[in-house]
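Enquirer: using only what follows, build the 3D model:
(chains A, B, C and D)
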Number of protein chains: 2
Amino acid sequence: MTETNNRQTLSVRDWAEAALEVIAEKGVKGVAVEPLARRLGVTKGSFYWHFANRRALLQAALDLWEHQQTDEILERVAQESDPRRRLARVFAEADGSRYAGRLYLALAGATENTLIQSVVRRVIERQTEFLWECYLDLGLDRQAARHKAVLAYSVFMGTLELRRDAPDTLPAGEAFHDYMHFVGEALIPGYDRSLHRREVAAPENVASIGESNRHV
Amino acid sequence: MTETNNRQTLSVRDWAEAALEVIAEKGVKGVAVEPLARRLGVTKGSFYWHFANRRALLQAALDLWEHQQTDEILERVAQESDPRRRLARVFAEADGSRYAGRLYLALAGATENTLIQSVVRRVIERQTEFLWECYLDLGLDRQAARHKAVLAYSVFMGTLELRRDAPDTLPAGEAFHDYMHFVGEALIPGYDRSLHRREVAAPENVASIGESNRHV
DNA sequence: ATCGTTCCATACGGTCGCGTATGGCGCTAA
DNA sequence: TTAGCGCCATACGCGACCGTATGGAACGAT
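Expert: Numbers count the residues shown, from 1 in each chain, chains lettered A, B, ... in the order given. Below you'll find the predicted structure:
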């Protein structure tokens, strides 16, 4: 569940990843220094050596998350040349990881923290922008493309919510694939079932982001 | 802002409504006994006379919310005979109150409390059921109606999220109405702009969903 | 062997919120 | 007037968490 880090010492990134895990499980307010230290098998003494305070930990975790949700995902998906396939892949990636979805919703729901709000806003704008360009590449005019992008993003977030809060509402098993095709036909012009290959499993790999600056 | 209650003594409902307000503002974890008492101009002594503990307050608040989100709303909307108009009204009501939307998302995001989760689940199932029946009344077969209902509900929740977390992403002003028509065309078979007359333009009067109207 | 640095443990004071115990004020009924 | 009850204030102990201060073990360098 948590880090089974072979190394004997913890890094800033270890703390940041653990923080993201806790956010996905218990929300932002669940990120407490002492419980997180226990989770990692150490005490607060370790934490306050790596970070100035709790806020600095959240900052590091948010930097990591923002990078994963924008640069990494979009760069991966952008390799697809066909806009239709790009759209299908975006939805597949976004729906691939249950953990990523819970994390996304937890951060979006953190309305108490201005820092988090701005990060979430940037991620949303970046991703809707990407969808917009996909629809523009499909030949839609600016307004129609914009509308479709916003609608598609709403469907994406709403589906995450439904899957988290009322999973029984969504079709299960094979019926879920039928539903996803239905969604594809509603959101992707000229949708074809062959676009939705089996690339569901989004690997949980996380490329390297430069270690955050350690505080003085 | 809060209750300007003329009466000199507080009722259980007063506490429940105040709790819902705080949930909409700061989330469920923001509901603390002592701050809430200060907000109502009293001390904890009052609270623990009306309630056994914090959990009992949440229970009362959830009962109130569930009733408002199911019985009240659906009874109001069900008066509309035309299924298309029912659908349009449902979206209008749901999107009418900013407060109700924030409250909804805050409760849906309370993943730490089993009690809240079950209430949210019931509300979601009740509302999707209603949408399902609307689409059935429009002549769709069971699967198509179900798919459209789930999709429509996803759009609804996703739109709430977008409006809360990245309002600039959604079209503003007159463009918002254009977008809502676009959504209507995507979700309501045989959609006609006349269905969306005045009801969506109500900015604050639909706040009766969430209450605040009884006093003042 | 000594020293300094890295990384963490321990101990402490402080805040906030929960729940309890108990006292007090105002109103009504007898 | 007085007794009783509804409604609230005050005071207390408790636990969880934050941030600081300081000590200590491991380890490489000299």
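
Enquirer: so which strand or helix has the residue in chain A positioned nearest to DNA strand C?
Expert: Nearest residue of chain A to DNA strand C: residue A:45, at 1.7 Å (C-beta to the nearest atom of the strand). C-beta coordinates here come from the backbone N, C-alpha and C atoms, glycine included. According to DSSP states H and E, residue A:45 maps onto helix A:44-50.

Enquirer: so what's the residue count around residue A:14?
Expert: Residues lying near residue A:14 (other C-beta atoms under 10 Å in any protein chain shown) number 17.

Enquirer: touching DNA strand D at all, the helix holding residue A:45?
Expert: Yes: Helix A:44-50 reaches DNA strand D (C-beta under 7 Å from any atom of the strand) through A:44, A:45, A:48.

Enquirer: what helices or strands is the lowest-mean-pLDDT helix or strand in chain A leaning on?
Expert: Taking mean pLDDT, DSSP states H and E as the measure, chain A has helix A:83-96 as its least confident helix or strand, at a mean of 83. Packing contacts for helix A:83-96, counted by 3 or more C-beta pairs under 8 Å, 6 or more residues apart in numbering or on different chains; DSSP states H and E, involve helix A:73-78, helix A:98-108, helix A:114-137, helix A:142-165, helix A:174-187.

Enquirer: just the closest residue of chain A to DNA strand D, please.
Expert: Counting by C-beta to the nearest atom of the strand, chain A gets nearest to DNA strand D through residue A:33 (3.1 Å).

Enquirer: which residues touch that residue?
Expert: Residues counted as contacts of residue A:33 (C-beta atoms under 8 Å, 6 or more residues apart in numbering or on different chains) are A:44, A:47, A:48, A:54, A:57.

Enquirer: I figured the second one hits residue A:15, correct?
Expert: To tie it back to what came earlier, the one meant is residue A:47. Yes: applying C-beta atoms under 8 Å, one finds residue A:47 in contact with residue A:15, separated by 6.9 Å.

Enquirer: name the residues contacting each of these two.
Expert: Joint contacts of residue A:47 and residue A:15 (C-beta under 8 Å, 6+ apart) are A:36, A:57.

Enquirer: which parts of chain A sit against DNA strand C?
Expert: A:8-10, A:37, A:41-46, A:48-50.

Enquirer: got the residues of chain A near DNA strand D?
Expert: So chain A meets DNA strand D at A:31, A:32, A:33, A:34, A:35, A:44, A:45, A:48, A:52, A:53, A:54, A:55 (C-beta under 7 Å from any atom of the strand).

Enquirer: how near is the first one to residue A:58?
Expert: Yep, that's residue A:31 we're talking about. To residue A:58, residue A:31 is 7 Å away according to C-beta to C-beta, to the nearest Å.

Enquirer: do the third one as well
Expert: Computed with C-beta to C-beta, the distance linking residue A:33 and residue A:58 is 11 Å.

Enquirer: same check, this time on residue A:162
Expert: Taking C-beta to C-beta, one finds residue A:162 at 28 Å from residue A:58.

Enquirer: between the residues of chain A next to DNA strand C, which is closest to chain B?
Expert: Checking the residues of chain A next to DNA strand C against chain B by C-beta to the nearest C-beta gives residue A:37 as the nearest, at 20.2 Å.

Enquirer: contacts for stretch A:64-79?
Expert: With contact meaning C-beta under 8 Å, 6+ apart, stretch A:64-79 is reached by A:13, A:16-17, A:20, A:86, A:89-90, A:93, A:103-104, A:107, A:119, A:122-123, A:126-127, A:130, A:206-207, A:209.

Enquirer: residue A:138 touches residue A:83, doesn't it?
Expert: Yes: the pair residue A:138 / residue A:83 is scored as a contact, 4.9 Å apart, by C-beta under 8 Å.

Enquirer: would you mind grabbing the residues shared as contacts by these two?
Expert: Contact criterion C-beta under 8 Å, 6+ apart; residues shared by residue A:138 and residue A:83: none found.

Enquirer: from residue A:47, how far off is residue A:119?
Expert: Residue A:119 is 22 Å from residue A:47, by C-beta to C-beta.

Enquirer: could you report the neighbour count for residue A:190?
Expert: 10.

Enquirer: can you pull the pLDDT of it?
Expert: As predicted, residue A:190 sits at a pLDDT of 89.

Enquirer: from residue A:140, how far off is it?
Expert: 11 Å.

Enquirer: what mean pLDDT would you report for stretch A:28-46?
Expert: pLDDT averaged over stretch A:28-46 gives 97.

Enquirer: how about that stretch: buried residues?
Expert: A:28, A:29, A:30, A:31, A:33, A:36, A:37, A:39, A:40, A:46 (16 or more other C-beta atoms under 10 Å in any protein chain shown).

Enquirer: most neighbours out of the contacts of residue A:33, which is it?
Expert: Most neighbours among those, by other C-beta under 10 Å: residue A:57, with 22 neighbours.

Enquirer: which helix or strand contains it?
Expert: helix A:54-67.

Enquirer: show the contacting residues for residue A:112.
Expert: Contacts of residue A:112 by C-beta under 8 Å, 6+ apart are A:28, A:29, B:26, B:27, B:30.
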